[in-house]
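# whatever this is, show me its structure:
(chains A, B and C)
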Amino acid sequence: MPELPEVETIANGLRQGGFGCPSILNRRIEGVRLFWERTLATPSPEEFHRRVIGQTITAVGRRGKYLLLTLMPDSLIFHLRMSGDLILEPVDAPIPLHHRLLLDLQGGIRLAFNDTRKFGRAWLVLDPGQVLNGLGPEPFDPVLTPVVFHDNLLRSHRQLKPLLLNQAFLAGLGNIYTDEALFLARLHPLTSSRDLSPLQAEVLLASIRQVLQEGIQHHGASIDWVYRGGDFQNHFRVYQRTGQPCQICSTPVQRTVVGQRATHYCPNCQNNPQKV
DNA sequence: ACGAGCGCCTGTCGGC
DNA sequence: TGCCGACAGGCGCTCG
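Predicted coordinates for the structure are as follows:
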């Protein structure tokens, strides 16, 4: 589920508190409960337990789709994958079925990693780079200018859809926001990245930033049972709108599969490069 | 260097 | 009603 806007929303909530929950900042970790061992990518459960207890959460951050808790001296990093979520609740609340890891915090609250599908992972590391080093640029990083982005596109020479999903190319996009960005930019998902003009690259970068910004403003998207709060799902232009009219030209939105991922686009507004 | 296929998991939905 | 396959926001691995 969670792409950049959803992770950003969760990070903001943990940092600032809200929805009846306090902030987790400056709270000491007093206890650990692990219910699914594979949730912990590293270190071993025994070492995790020994190292993490007593450390204090000094910052909450995000890099791509990763959520970072800065402790002292370690960093605790989460990837939510398809169904993960981080929830604050009273330390003695009943434990729901899909809770995988609990951190009991100072002040009678606990941070729960809930993950129905068990794909999510947590890392406790001294150097966050150990986990994050392979990531591409942050979409909002000012260093990522249209010229740099265009250069990167030319160097890759792949179809836009799988390229934008590649976290080593750009960190944070998932299936929803990629489809939305390509629609906004009026680019077909199969377009080869090396065919983009400087102007098209600039428009694509602006479109990516726009859909991510909209997602953040709407507190992310809530689909199915997984997400509380966000309502960006009510503002999708193409994602999961198969057969419904394109908001620009009324042509039915089409669904296809690209790189084994469902892909939604307007066959009229987003020209198929293979037909040109 | 790339894409396809698969594994990791659980839950929901539609068709028969 | 019940069973069965397809599908779901992700990503790492192997293989050709």
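
# surely A:G229 meets A:H218?
No: A:G229 is beyond contact range of A:H218, at 9.3 Å (criterion: C-beta atoms under 8 Å). Where you see a C-beta, it was placed from the backbone N, CA and C, and this is true even at glycine.

# list the contacts of the spatially closest residue to A:L80 that is not a sequence neighbour.
Excluding the flanking residues, the one nearest A:L80 by C-beta to C-beta, 6 or more residues apart in numbering is A:P2, at 4.5 Å. With contacts taken as C-beta atoms under 8 Å, 6 or more residues apart in numbering, A:P2 has the following neighbours: A:I10, A:K65, A:L80, A:G84, A:D85, A:G174, A:G220.

# who wins for neighbours among these?
A:G84 (29 neighbours; other C-beta atoms under 10 Å).

# pull the contacting residues for that residue.
By C-beta under 8 Å, 6+ apart, the residues touching A:G84 are A:M1, A:P2, A:F78, A:F113, A:N114, A:D115, A:F119, A:G120.

# what count of nearby residues applies to the last one?
A:G120 is surrounded by 25 other residues when neighbours are defined as other C-beta under 10 Å.

# what of A:P198?
When neighbours are counted by other C-beta under 10 Å, A:P198 registers 14.

# now the one 10 residues further on
Counted with other C-beta under 10 Å, the burial measure for A:I208 works out to 26 neighbours.

# separation between the residue nearest to A:L80 and DNA strand C?
Taking C-beta to the nearest atom of the strand, to the nearest Å as the measure, A:P2 falls 7 Å from DNA strand C.

# now swap in A:L105 and tell me
Distance, A:L105 to DNA strand C, using C-beta to the nearest atom of the strand: 27 Å.

# ok, for that residue, nearest residue in space, not its chain neighbours?
Closest to A:L105 by C-beta to C-beta, 6+ apart is A:R27, at 4.2 Å.

# what does A:G259 give?
A:G259 sits nearest to A:P162 (C-beta to C-beta, 6+ apart), 3.9 Å away.

# wait, what's in contact with that neighbour?
A:V258, A:G259, A:R261.

# just to revisit the earlier point, out of the contacts of A:G84, who's near DNA strand B?
For DNA strand B, the contacts drawn from those by C-beta under 7 Å from any atom of the strand are A:F119.

# so chain A: which segments form each domain?
Using automatic domain parsing, the domain ranges for chain A come out as A:4-132, A:146-275.

# what mean pLDDT does the longest one get?
Mean per-residue pLDDT for domain A:146-275: 93.

# in the stretch 151-276 of chain A, mark out all the helices, start to finish.
Chain-ordered helices for the stretch 151-276 of chain A, with DSSP state H, counting those that start in this stretch as the definition, fall at A:160-165, A:175-184, A:198-217.

# most packed of the ones you listed?
helix A:175-184 (a mean of 25; mean count of other C-beta atoms under 10 Å).

# report the angle between that one and helix A:198-217.
130 degrees (axes from the mean of the first three to the mean of the last three C-alpha atoms, to 10 degrees).

# now for helix A:175-184, which elements pack on it?
Packing partners of helix A:175-184 (3 or more C-beta pairs under 8 Å, 6 or more residues apart in numbering; DSSP states H and E): helix A:160-165, helix A:198-217, strand A:261-265.

# does that helix reach DNA strand C?
Yes: using C-beta under 7 Å from any atom of the strand, helix A:175-184 reaches DNA strand C at A:N175, A:I176.

# residue numbers of the stretch 101-250 of chain A in contact with DNA strand B?
Contacts of the stretch 101-250 of chain A with DNA strand B, taken as C-beta under 7 Å from any atom of the strand, map to A:T116, A:R117, A:K118, A:F119, A:S156, A:H157, A:R158, A:Q159, A:P162, A:D224, A:W225.
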